[in-house]
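Novice: Sequence and predicted structure are below.
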Amino acid sequence: MGGGTAVRQHQRRFLQGEPEETGRKERCEEAYWTVKAFEEYKVRETESGEYELIKAGGGVGIFLETRVEKERLLFPLSRGTLLEVSEKGVREIATPEKAALFGLISSDGSNAYYRKINSEGRHHTDYSTRFYSGDRELVELFDKVSEEVYDITPQHYERKDGLITAAIYSKGVFYDLSDYGVKIGAYEFRVPREHLDDEGKRAYLKGFFSGDGSACMIHGKRLQIRFYSKCEEGLEDLRRTLMDLGFHPREVEKDERTGNVRYYFSIPAKEYEKFIDEIGSFKPRHIEAFREYRRLREEKNERG
Amino acid sequence: MRGARVWGWGKDLELAERNALAYMARRWRTTMEECSIVVDGRYENILFEITVYASKPKDVEGLINSLFDAVLAKADKIYSVVVNLYDHAVSNRISYMSGLSFVKEAYEKRGRILVQKFKDYPEVKPLLEEGKTLVVIPITTIFCELESERFNKVVIRARDCDLEPLLDYIHFLANRMIESKIASRILGYDMENNTDELTILDLDVEGREVFLWLDYPPAK
């Protein structure tokens, strides 16, 4: 209320000189304590238990909770996203649940819109995000992570041959996934590596592998682990993501006959244990193959 | 020949049949003599392709839905459906008529040739000199030709590196084709002989055995 500076208002109202120090500013200083500081970023906890992110003295945002780790701070945002603050700066990353959802959609799902003309001749757009699988366990996982990330329960359609379609009809979900470039065409996908930390990368790979991976025992005794896709660029992204995690995947192979091209790459045998421990799969058949592989190894070790 | 991919995984399954018929109605010429529907997919690490040849587009009405029903009972994914239109009948030039025992013998023989080919490779030889045994695991492509009363020919092509599961899966697909009246019986088989093209994909030593994974050279 009133114009001019606080000093002039005080002088005018109370015919006094400069107001006495209220102590407010001092109390403000005391009301914060610094949780962590990285270069130009600083995070302070307020008396009310909130966390304030400050960049070069200016406020970026206030958060209700934070997770303090050795080299970074994580603030939960909406829709399965976290704000990561570290020495490298600030970025939005996907939670492991959202990263697994990305992987599932990139392999066996779709994210698309369809423009239609209704009976009144007006254009109408349908948005749908779908996941297709014959494995009930994978469909249940898709439901679970969709509920966790978007608070939406997918609708199901089941064919007599056992293929289940789990579908989300939401413009918001479509655009959120599109922003990450998760599924950009019928076969095209990219791994949003810049929005995945190591845990997110592992979750993405596990989700993708559950759909478009194979884990089989060859000749009943040798495990083979492969990633498949029609999208060569996407497979290269997957290889790079595996390399980020210390794997050494084989180069991309091509199967091409009668105009159909399919690509795949393998995990080298010496990294199977690492793959099973760090990535693994949600698919029951894969889990069974991993178990068989370990059982045979143990048997062999016992025999010396 | 002209062709188009009319459906891909992620689209409504019902669209495949509709798109295929629409494409053929638009592109078919009276001078054309044959068309084919190719469905390709994957089950575990087996990549497969089913090609059905017909004399005219009208013959393939209802085929794609039957193929989906037959295949999806045991497939991780159907990647795509492709329609091809030919100026000349091509199916009579395709012939896979060998017996199953011939294919099994050819597989064994190829294995022996590959052991001879790779035993002197620098990454393999020192291991064999330690007294280890070389086991080759080559990528293998098997073809299976089926006779059909409704269509000119049905061909299944499948690829994996383990012969027995590969043949089991081909027989599963063939039986499903026969049950759904797409085909009537198996006519024969063949195996792609690719000893010259194969290169080492991975080498894996366990106990007294050296496992050599063989595949085509990388895509690039």
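Specialist: Looks like it arrived, so ask away. Keep in mind it's a predicted model, so treat the numbers as computed, not measured.
Novice: Please make it C-alpha for all contacts and neighbour counts, starting now.
Specialist: OK.
Novice: need the residues of the stretch 101-250 of chain A near chain B, please.
Specialist: Proximity of the stretch 101-250 of chain A to chain B (CA under 8 Å from any CA of the partner chain) is limited to residues A:108-110, A:130-134, A:160-163, A:186-187, A:211, A:213-216, A:218-219, A:226, A:230, A:250.
Novice: switch the cut-off to 7 Å
Specialist: Proximity of the stretch 101-250 of chain A to chain B is assessed by CA under 7 Å from any CA of the partner chain, with A:109-110, A:161-162, A:186, A:214, A:218-219 identified as the residues in range.
Novice: In strands, which of the residues you listed fall?
Specialist: Judged by DSSP state E, strands contain the following of those: A:109-110, A:214, A:218.
Novice: ok, longest helix in chain B?
Specialist: In terms of residue count, the longest helix belonging to chain B (DSSP state H) is helix B:100-118.
Novice: Where does the prediction get shaky in chain B?
Specialist: Along chain B, segments meeting pLDDT under 70 span B:219-220.
Novice: how about the nearest residue to A:K36, chain neighbours excluded?
Specialist: With sequence-adjacent residues excluded and distances taken as CA to CA, 6 or more residues apart in numbering or on different chains, A:K36 is closest to A:V43, at 5.4 Å.
Novice: Who does the one you found form a beta bridge with?
Specialist: Counting by DSSP bridges, A:V43 is bridged to A:K36, A:L53.
Novice: Point out the other elements, helices or strands, that the helix or strand encompassing B:V52 touches.
Specialist: Using DSSP states H and E, B:V52 maps to strand B:46-54. Judged by 3 or more CA pairs under 7 Å, 6 or more residues apart in numbering or on different chains; DSSP states H and E, strand B:46-54 is in contact with strand B:34-43, strand B:153-160.
Novice: so can I have JSON lines of those showing distance to A:L177 and mean neighbour count?
Specialist: Conversion of those to JSON lines gives the following (distance: least, CA to CA, whole Å; neighbours: other CA atoms under 10 Å in any protein chain shown):
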{"stretch": "strand B:34-43", "distance to A:L177": "26", "mean neighbour count": "23"}
{"stretch": "strand B:153-160", "distance to A:L177": "34", "mean neighbour count": "23"}
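Novice: So which residues make contact with stretch B:66-82?
Specialist: Contacts to stretch B:66-82, defined as CA atoms under 7 Å, 6 or more residues apart in numbering or on different chains, come from residues A:161-162, B:3-9, B:16, B:37-44, B:173, B:176-177, B:180.
Novice: What does residue 149 show for phi and psi?
Specialist: No chain in the question, so chain A it is. phi -80, psi -50 (degrees, to the nearest 10).
Novice: can you map out the strands along chain B?
Specialist: Taking DSSP E as the test, the strands found in chain B are B:2-8, B:34-43, B:46-54, B:77-86, B:133-138, B:140-147, B:153-160, B:185-191, B:199-206, B:209-215.
Novice: Let's have these in CSV, adding distance to B:N65.
Specialist: As requested, the strands of chain B are arranged in CSV below (distance: least, CA to CA, whole Å):
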stretch, distance to B:N65
strand B:2-8, 12
strand B:34-43, 11
strand B:46-54, 13
strand B:77-86, 11
strand B:133-138, 34
strand B:140-147, 19
strand B:153-160, 16
strand B:185-191, 20
strand B:199-206, 38
strand B:209-215, 34
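Novice: Which of those strands sits closest to A:E278?
Specialist: Comparing the strands of chain B by their distance to A:E278 (CA to CA), the top pick is strand B:199-206, with 20.7 Å.
Novice: neighbouring strands for that closest one, and are they parallel or not?
Specialist: strand B:209-215 (antiparallel).
Novice: Next one: B:L114 from chain A, what distance?
Specialist: Between B:L114 and chain A the distance, using CA to the nearest CA, to the nearest Å, works out to 17 Å.
Novice: what about the residue lying closest to that residue once chain neighbours are set aside, how many neighbours?
Specialist: With CA to CA, 6+ apart as the measure, B:T195 is the residue that lies nearest to B:L114, at 6.6 Å, once sequence neighbours are left out. Each residue near B:T195 was counted by other CA atoms under 10 Å in any protein chain shown, and the total is 17.
Novice: any idea how far B:T195 is from A:E298?
Specialist: Summarising the geometry, the distance separating B:T195 from A:E298, computed by CA to CA, to the nearest Å, is 35 Å.
Novice: list the contacts for the residue positioned nearest the centre of chain A?
Specialist: Relative to the mean C-alpha position of chain A, the nearest C-alpha, by CA atoms, centre = their mean, is the one of A:A99, at 2.7 Å. If a contact means CA under 7 Å, 6+ apart, then A:A99 has A:200, A:203-204 as its contacts.
Novice: pretty sure A:G200 belongs to a strand, no?
Specialist: No. Assignment of A:G200 by DSSP: H, G, I helix; E, B strand; the rest coil gives helix, placing it outside any strand.
Novice: okay, it: pLDDT?
Specialist: In the predicted model, A:G200 carries a pLDDT score of 97.
Novice: what does the host helix or strand of A:R285 contact?
Specialist: Per DSSP H and E: A:R285 is located in helix A:284-303. For helix A:284-303, the external contacting residues (CA under 7 Å, 6+ apart) are A:214-217, A:223, A:276, A:281.
Novice: can you tell me which two in the residues you listed are farthest apart?
Specialist: A:M217 and A:S281 (15.3 Å).
Novice: which of these two has more neighbours?
Specialist: Regarding A:M217 and A:S281, a neighbour count based on other CA under 10 Å identifies A:S281 as having more, with 24 against 18.
Novice: can I assume the more buried one is in contact with A:F209?
Specialist: Yes. Counting by CA atoms under 7 Å, A:S281 does reach A:F209; the two are 6.3 Å apart.
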